[in-house]
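Undergrad: Here is a sequence together with a model predicted from it:
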Amino acid sequence: MANFFTLGLYEKSMPSSLTWKEKLSAAKEAGFDYVEISIDETDEKLARLDMSKEERLELVKTMYEVGVPIRSMCLSGHRKYPLGSNDPETCKRGMEIMEKAIELAEDLGIRIIQLAGYDVYYEESSKETVERFEENLIKATKMAAKAGVVMGFETMETEFMNTVEKAMKYVNIVNSVYLQVYPDIGNITNAAKTYGTDVLDDLKTGAGHIAAMHLKETVPGKFREIPFGTGHVDFEAAIKTAWDLGVRKYVTEFWYVGSEDWKKDLKEAHDMMSSILNKQI
């Protein structure tokens, strides 16, 4: 590992019609070290949690064959099935998703699961939903500890957990090496603009607890599909601060939106971020 860091690629930056071999090969061609798998709230992505042992083994073989592994998971399926839901069935499904995600991570060699920082999403947040979220989070962390898989909170676009400082509240409550923070620099930049605070100071509140960082572009009030270099995120300063805090795993998060030049977009994202990262060495 001559470059002292790994730069991953978010799976949704590529056409969903591609096979895993094609996705991993495209990531390799663009220069990325690994791919972050998406387990979102769609039935298609949630079905991955029920992959057979044979399918899992086949995917591991494909990683070795291509030379690019899947090493992190963006688990946003909890948006639909949150751990703090008022509906017992929804909560139960959320915990089942958590357990299966940890098992899939074990089987595929995934090191970090990025957790959505929501108590609830499609319901009203309340004292009860927050308490339930906390209870289930403690249970989830014990599952992760058993498997030796690290979970990290994504800083979201909603009030509940849109800063590293807010995520750290729960990291401190749970107090386990298996629950950390996996911030999204675009989201916390938006939060800092909203609150009139300093984004780098917020990042520093996670010192010693940042497992990885999402490199995503945003503009005030918008959180998705903003091309790199057209928003307000100061990637140079954010990466330098994260680097000084010991962060060595980064993922470029952006979306495929139908461009014919999507492979060129991957390469440009890789080159932009790796050039900033290489300055830190």
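TA: That came in fine, so what should we check first? This is a predicted model, so every value here is computed, not measured.

Undergrad: contacts for stretch 152-159?
TA: Stretch 152-159 is contacted by residues 74, 76, 112-118, 121, 161-164, 166-167, 170-171, 179-184, 187-188, 190-191, 210-212, 214, 223 when judged by CB atoms under 8 Å, 6 or more residues apart in numbering. From N, CA and C alone the C-beta is placed, and that goes for glycine too.

Undergrad: among those residues, which ones are buried?
TA: For these, a burial check counting by 16 or more other CB atoms under 10 Å picks out 74, 76, 112-118, 121, 161-164, 166-167, 170-171, 179-184, 187-188, 190-191, 210-212, 214, 223.

Undergrad: Sketch out the strands for the stretch 101-250 of the chain, chain order is fine.
TA: 112-116, 150-154, 179-181, 213-215, 249-252 (DSSP state E, counting those that start in this stretch).

Undergrad: For the last one, list every residue counted as buried.
TA: So that's strand 249-252. Under the neighbour-count criterion of 16+ other CB under 10 Å, strand 249-252 has Lys249, Tyr250, Val251, Thr252 buried.

Undergrad: Among those, which one lies nearest to Leu9?
TA: Nearest to Leu9 among the buried residues of strand 249-252 is Thr252, at 6.0 Å by CB to CB.

Undergrad: how close does the closest residue to the closest one other than its chain neighbours sit to Gly67?
TA: Closest residue in space to Thr252, ignoring its immediate chain neighbours: Ala269 at 4.6 Å, by CB to CB, 6 or more residues apart in numbering. From Ala269 across to Gly67, the span is 20 Å (CB to CB, to the nearest Å).

Undergrad: who's more crowded, those two?
TA: Using other CB atoms under 10 Å as the criterion, Ala269 and Gly67 rank with Ala269 on top: 25 against 10.

Undergrad: Double-check Asp198 against Ala192; I have them as touching.
TA: Yes - counting by CB atoms under 8 Å, Ala192 is a contact partner of Asp198 at 6.3 Å.

Undergrad: Between these two, point out the one with more neighbours.
TA: Taking other CB under 10 Å, Asp198 and Ala192 do not tie; Ala192 has more neighbours (18 against 10).

Undergrad: got a list of what the closest residue to the more buried one other than its chain neighbours touches?
TA: Distances taken as CB to CB, 6+ apart put Val199 closest to Ala192, at 3.9 Å, once the chain neighbours are dropped. Applying CB under 8 Å, 6+ apart to Val199 gives the contacts Ile185, Ile188, Thr189, Ala191, Ala192, Asp234, Ala238.
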